[in-house]
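J.: Here is my input; please provide its structure:
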Amino acid sequence: MKRQVINPASLAPPSGYVYGLATEGGRVLHLAGQTSMDASGRIVFPGDIVAQFGQALANILCVVEAAGGDGSAIVKLTIFVIDKRGYRENLRRVGEKYRSLMGKHYPPMTLVEVKSLFDDEAMVEIEGVAVLDS
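T.: Here you go, the predicted structure:
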């Protein structure tokens, strides 16, 4: 599958994401929102936004891998948090957790602060789109 990063010079340089990622070929995998839920259906790491971010991203990667891809197949992530300030205060640690799972692959990303998530103990939910080789 062919990928092309789109970062227009007329926009501020992105940090930790890209503005656009064009793909050619492959099949599209839409990824449902994942929290830090473990295999038993329990939210793990209550109160720890960094650990919850890492588990939610690991859960996203689990779905991509089950479909035959890896992290580089992810072409869009939307991150929902209930505490934007807490997320920003831990941005360095969140970035370390991200890179430990995704390496230097940075797809387009959006961060959205929400009032709450479906699971009361969840602080982070991540959804996305991946394009897998045909």
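J.: Of all the residues in stretch 76-90, which ones are buried?
T.: Neighbour counts using 16 or more other CB atoms under 10 Å place 76-82, 86-87, 90 of stretch 76-90 among the buried residues. Quick note: C-beta positions are derived from backbone N, CA and C, even for glycine.
J.: what mean pLDDT does it have?
T.: For stretch 76-90, mean pLDDT rounds to 98.
J.: With residue 2 as the reference, measure out to residue 57.
T.: 25 Å (CB to CB, to the nearest Å).
J.: and those two? which has more neighbours close in?
T.: More crowded of residue 57 and residue 2, by other CB atoms under 10 Å: residue 57, with 25 against 9.
J.: tell me which element the more buried one falls in.
T.: Here residue 57 sits within helix 49-66, counting by DSSP states H and E.
J.: And that helix, how far out from the chain middle?
T.: 8 Å (CA atoms, centre = their mean, to the nearest Å).
J.: so what secondary structure elements neighbour it?
T.: strand 27-34, strand 74-81, helix 84-89, helix 91-102, strand 124-132 (3 or more CB pairs under 8 Å, 6 or more residues apart in numbering; DSSP states H and E).
J.: who's in contact with the third one?
T.: Applying CB atoms under 8 Å, 6 or more residues apart in numbering, the set of residues contacting helix 84-89 from outside is 49, 53, 81, 94, 111, 113, 123-124.
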